[in-house]
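Novice: give me coordinates for this.
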Amino acid sequence: MNTLILFIFATIGLTNIIVHGKILDNIGLRSFLKKNLYSEIFELFECYECTGFWSGVIMGATLISNDPLYFISCGFAGSVLSYFLFKKQNRICCRGE
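Specialist: Okay, here's the model as predicted:
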């Protein structure tokens, strides 16, 4: 159970850091990637579902199992988790306006 909770928070946290983290701006990584990657590739760093998938794969391989079936499945779970969190954040932010 602890591993599942850690997986959920780690996947969502990593996704948020990659998509919105100021640290990537402060060290210049986001502007470097934007300048040096094709725009279609860079979009992956701005998309919650895409970034959530890869965050889920990384966290799944790290925390759950090194079996490819499991960590790919964790990627799909991470994509869904990140998408729902993004929708929930938008609903909360937009309600105040």
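
Novice: please enumerate the helices of the chain.
Specialist: With DSSP state H, the ranges of helices along the chain come out as 2-20, 22-26, 29-36, 39-42, 48-59, 68-95.

Novice: which of those helices sits most buried?
Specialist: Among the helices of the chain, ranked by average contacts under mean count of other Cβ atoms under 10 Å, first place goes to helix 48-59 (a mean of 22). All C-beta atoms are positioned from the backbone trio N, CA, C, and that covers glycine.

Novice: now do it and helix 68-95, the angle between them.
Specialist: 140 degrees (axes from the mean of the first three to the mean of the last three Cα atoms, to 10 degrees).

Novice: so helix 48-59 versus helix 2-20, what angle?
Specialist: With the same axes, to 10 degrees as the basis, helix 48-59 and helix 2-20 are set at 130 degrees to each other.

Novice: helix 48-59: how far from the chain's middle?
Specialist: 5 Å (Cα atoms, centre = their mean, to the nearest Å).

Novice: give the rounded mean pLDDT of that helix.
Specialist: What helix 48-59 shows for mean pLDDT is 94.

Novice: and it, what does it pack onto?
Specialist: helix 2-20, helix 68-95 (3 or more Cβ pairs under 8 Å, 6 or more residues apart in numbering; DSSP states H and E).
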